[in-house]
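*Asks:* This is a predicted model, with the sequence first.
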Amino acid sequence: MLLGLGLHTLMDGVALAASVTAESHHNPWLGLAGLGTFLAVVLHKPLDAFAITSVMKKGGWTPTQQSLVNLTFSLACPLGAIAFYIGANQLSTDGTLLGWGLAISAGFFICISLSDLLPEVAFHDHDRFKLTAALLIGVALAVGIESLPGHSHNPAVPPAKAEIPPLIENVQP
């Protein structure tokens, strides 16, 4: 359980660093990607830590062992974020690594959300319509956010260099 949630949390850190890095390349009014990712990570991490310590407690682990594992788990997200941020800024100047980080993070988030949602849709007839509607609304929201004005994934073309006039003109006496 620690291994699975640890990898998940490491990828949360990658997602956080990737969204903040991507956010820094966009207009300020589109700059909520990092905040949204941060809130998604912060709001569910206590539940993950609770799951780990609950299983450990039921398994007879000592409080010291639980604390050490919980401390190790708490470092996974910051380590993922720092490693990706440094790697994305030092190893890739063209944004390729950033794209990979965003794509992998999105894949993890989709996989996790669908692994929670699809069994609910399959086994609960009374909630099937509401859960399917929530999934479709989420997809529509993602498409809508991607289509916002000013949001472009085309590489910025540098403006043509303006010719700078000489400071002192050739003046003939």
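*Replies:* Perfect, thanks for sending it.

*Asks:* What is the least confident helix or strand in this protein?
*Replies:* helix 96-123 (a mean of 79; mean pLDDT, DSSP states H and E).

*Asks:* Can you give the contact residues for whichever helix or strand comes after that helix?
*Replies:* Next along the chain after helix 96-123, taking DSSP states H and E as the criterion, comes helix 128-146. Residues from elsewhere that reach helix 128-146, judged by Cβ atoms under 8 Å, 6 or more residues apart in numbering: 117, 120-121, 124, 151. Placement of C-beta: from N, CA and C, glycine included.

*Asks:* So what's the gap between stretch 2-19 and the chain middle?
*Replies:* Averaging C-alpha positions (Cα atoms, centre = their mean, to the nearest Å) puts stretch 2-19 9 Å from its chain's average.

*Asks:* Could I get the average pLDDT for it?
*Replies:* On average, the pLDDT along stretch 2-19 is 86.

*Asks:* residues of that stretch that come out buried?
*Replies:* 2, 5-6, 8-19 (16 or more other Cβ atoms under 10 Å).

*Asks:* Checking the closest residue in space to residue 1 that isn't next to it in sequence next. Helix, strand or coil?
*Replies:* Leaving out its chain neighbours, the residue that sits closest to residue 1 by Cβ to Cβ, 6 or more residues apart in numbering is residue 55, at 5.6 Å. Under DSSP: H, G, I helix; E, B strand; the rest coil, the three-state class of residue 55 is helix.

*Asks:* quick one: pLDDT of residue 55?
*Replies:* 93.

*Asks:* How about residue 58?
*Replies:* Reading off the model, residue 58 has pLDDT 94.

*Asks:* and what of residue 74?
*Replies:* 91.

*Asks:* Just confirm it contacts residue 46, I think it does.
*Replies:* No: Residue 74 is not in contact with residue 46 according to Cβ atoms under 8 Å; the separation is 10.2 Å.

*Asks:* what about these two, which has more around it?
*Replies:* residue 74 (13 against 9; other Cβ atoms under 10 Å).

*Asks:* Residue 48 is in what secondary structure piece?
*Replies:* helix 33-58.

*Asks:* quick one: residue 46 and residue 73, what's the gap?
*Replies:* 11 Å (Cβ to Cβ, to the nearest Å).

*Asks:* and what of residue 49?
*Replies:* 6 Å.

*Asks:* Also residue 105?
*Replies:* For residue 105 relative to residue 73 (Cβ to Cβ), the value is 19 Å.

*Asks:* Likewise for residue 133?
*Replies:* 35 Å.
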